[in-house]
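Asks: okay, structure incoming, though there's no sequence with it:
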């Protein structure tokens, strides 16, 4: 998934509440929660129940998991 191409028509703030983080990343709320528990992505705990995610951290996490096509050409 190419985050930049997918969401180029919408500007996302640097700190994303869970609903926007799901929309931005394409991950499910459960996947985000697991990544948070593993500390695989940066997040901010604003209160006991309030969490926001770092947009750049989500993009880096997804970008690091890109699988290049055989032949090295991207369509």
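Replies: Sure thing, it's come through. The model shown is predicted, which means the values in this text are computed figures rather than measured ones.
Asks: what sits against the closest residue to residue 57 other than its chain neighbours?
Replies: In this structure, residue 57 finds its nearest non-sequential neighbour in residue 42, 3.8 Å apart by Cβ to Cβ, 6 or more residues apart in numbering. Bear in mind the C-beta positions are built from the backbone N, C-alpha and C, glycine included. Neighbouring residues of residue 42 by Cβ atoms under 8 Å, 6 or more residues apart in numbering: 53-54, 56-57.
Asks: quick check: residue 42 vs residue 14, distance?
Replies: Distance, residue 42 to residue 14, using Cβ to Cβ, to the nearest Å: 11 Å.
Asks: quick revisit: name the member of the contacts of residue 42 with the most neighbours.
Replies: Neighbour counts for those were taken using other Cβ atoms under 10 Å; the highest belongs to residue 53, with 25 neighbours.
Asks: name the element it belongs to?
Replies: If you go by DSSP states H and E, residue 53 is part of strand 51-54.
Asks: tell me what the helix or strand following that strand is packed against?
Replies: Counting by DSSP H and E, the element after strand 51-54 in chain order, helix or strand, is helix 55-63. Identification of packing neighbours for helix 55-63 by 3 or more Cβ pairs under 8 Å, 6 or more residues apart in numbering; DSSP states H and E yields helix 3-6, strand 15-16, helix 18-25.
Asks: can you work out which residues contact both of residue 42 and residue 14?
Replies: In terms of Cβ under 8 Å, 6+ apart, residue 42 and residue 14 are both contacted by the residues 54, 56.
Asks: residue 45 - nearest residue in space that isn't next to it in sequence?
Replies: For residue 45, ignoring the flanking residues on the chain, the nearest one in space by Cβ to Cβ, 6+ apart is residue 51 at 5.6 Å.
Asks: thinking again about what came up before, quick check: the residue nearest to residue 57 vs residue 49, distance?
Replies: Residue 42 is 19 Å from residue 49, by Cβ to Cβ.
Asks: repeat that for residue 29.
Replies: For residue 29, the distance to residue 49 - Cβ to Cβ - is 14 Å.
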